[in-house]
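Asker: Quick check, what structure comes out for this input:
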Amino acid sequence: MQKLTFHRYLERYVRSLSKTKTNSIHKLVNEVPENLRLREPLFLYALCFNKMDLLLKASINYLMYSEYSSLSSKYNKSEFLKLLMNDNTQLNDLYRRVYRSYVSRRDTYDNEKYIRRLIHLKTRKLQEAKGVSNYRIYTDLKLNQSNVNAYLKHGDIARVNKETAYKMVEYLEAA
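Answerer: Below is the predicted model of the structure:
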């Protein structure tokens, strides 16, 4: 599974915020006065895709022009991205929030995997402490034998979803 990049995240995020579902700078700029949530992601999108000149030309008759031009003259792309990555308070919180949202989305898979690994460890500890066999678990909970054995014996966390893993923990806690 390929890691999500900030560029691709912005491309999708801007499109999802847009009422017209587009990445056209001109259409997006026209939409900003009615859709204020689009303002910061649009700037970041233009910055990352080297479309800042286009954004500034398109937004010249709008209120956000002064903010956009001020930021683009103050920081270059790498400086701005570095400030975002460091969660620097020099930047408006709304820009930092977009980046934090990206980080959260990017790390979702790893966080899920980590949580599932912790649930597996808890399940194994409870199973050993209570002396409950794999057979008893999959029979009483009416689960797939092969998946439960792969999960419990070999630690294959992909074989059992989180809900099933929680079900096993609850069963073992009650045993």
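Asker: now residue 145, nearest residue through space, not along the chain?
Answerer: residue 138 (5.1 Å; CB to CB, 6 or more residues apart in numbering). Backbone N, C-alpha and C define where each C-beta goes, glycine included.
Asker: Can you give me the pLDDT of the one you found?
Answerer: On pLDDT, residue 138 comes in at 95.
Asker: Verify the contact between it and residue 144 for me.
Answerer: Yes - contact criterion CB atoms under 8 Å: residue 138 and residue 144 qualify, at 7.0 Å.
Asker: Could you check which of those two has the larger neighbour count?
Answerer: residue 138 (19 against 13; other CB atoms under 10 Å).
Asker: Can you tell me the closest non-neighbouring residue to residue 148?
Answerer: Distances taken as CB to CB, 6+ apart put residue 138 closest to residue 148, at 4.1 Å, once the chain neighbours are dropped.
Asker: contacts for the longest helix seen in the chain?
Answerer: Ranked by number of residues, the top helix in the chain under DSSP state H is helix 108-130. Contacts to helix 108-130, defined as CB atoms under 8 Å, 6 or more residues apart in numbering, come from residues 1, 132, 134, 137, 151-152, 155, 157, 162, 165-166, 168-169, 172-173, 175.
Asker: Give me the buried entries from these.
Answerer: In the contacts of helix 108-130, burial by neighbour count holds for 132, 137, 151, 152, 157, 165, 168, 169, 172, counting by 16 or more other CB atoms under 10 Å.
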